[in-house]
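S.K.: Build me a model:
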Amino acid sequence: MAEVIARDLLRGDAAAVVGSAGVTAGAGSRATPQAVEAAQELGLDLNDHRSRPLTTEMVAQADQILTMTAAHRAMVVQVVPEAAGRTAVLDEDGDIADPFGGSLAEYRVTAEQIKTALMRRMGELTS
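M.R.: Model prediction:
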């Protein structure tokens, strides 16, 4: 959900390149039906999304890496220590829990947390 929300928020910025990958994700899994529906409610499409694992190449190419949790940030930095200065937890107020296996309501809450945190981060970049 974070990828499509970020793409939507950055749609007017031609220089922005957004991608997502999981620190423990497998390759090729579809978004859950709850994630697809929560995204649709925001006017976004997750139907073609497929999971992919984070690679050292992705980390090397990224200007900024935002993780959902502090544990995810630690995993990125453990694998690629030189990325520490470019890696942060998306929501400075705390972790955004993975709603996997949860209800549509939980996915809605997560989508709103992601959107709010992204908007806050983007405000920091333009300030």
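S.K.: Where does pLDDT dip in this structure?
M.R.: 124-127 (pLDDT under 70).
S.K.: What segments of it are helices?
M.R.: Counting by DSSP state H, the chain has these helices, from start to end: 2-9, 33-41, 56-61, 70-79, 104-126.
S.K.: In TSV: those, plus mean neighbour count.
M.R.: Any C-beta I mention is one placed from the backbone N, CA and C, and that applies to glycine too. Listed next are these as TSV, based on neighbours: other CB atoms under 10 Å:
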stretch	mean neighbour count
helix 2-9	18
helix 33-41	17
helix 56-61	12
helix 70-79	16
helix 104-126	16
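S.K.: Now distance to Ala21 too, for those, in JSON lines please.
M.R.: As requested, the helices of the chain are exported to JSON lines (distance: least, CB to CB, whole Å):
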{"stretch": "helix 2-9", "distance to Ala21": "9"}
{"stretch": "helix 33-41", "distance to Ala21": "16"}
{"stretch": "helix 56-61", "distance to Ala21": "6"}
{"stretch": "helix 70-79", "distance to Ala21": "10"}
{"stretch": "helix 104-126", "distance to Ala21": "15"}
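S.K.: Of all those, which one comes closest to Val89?
M.R.: helix 70-79 (5.4 Å; CB to CB).
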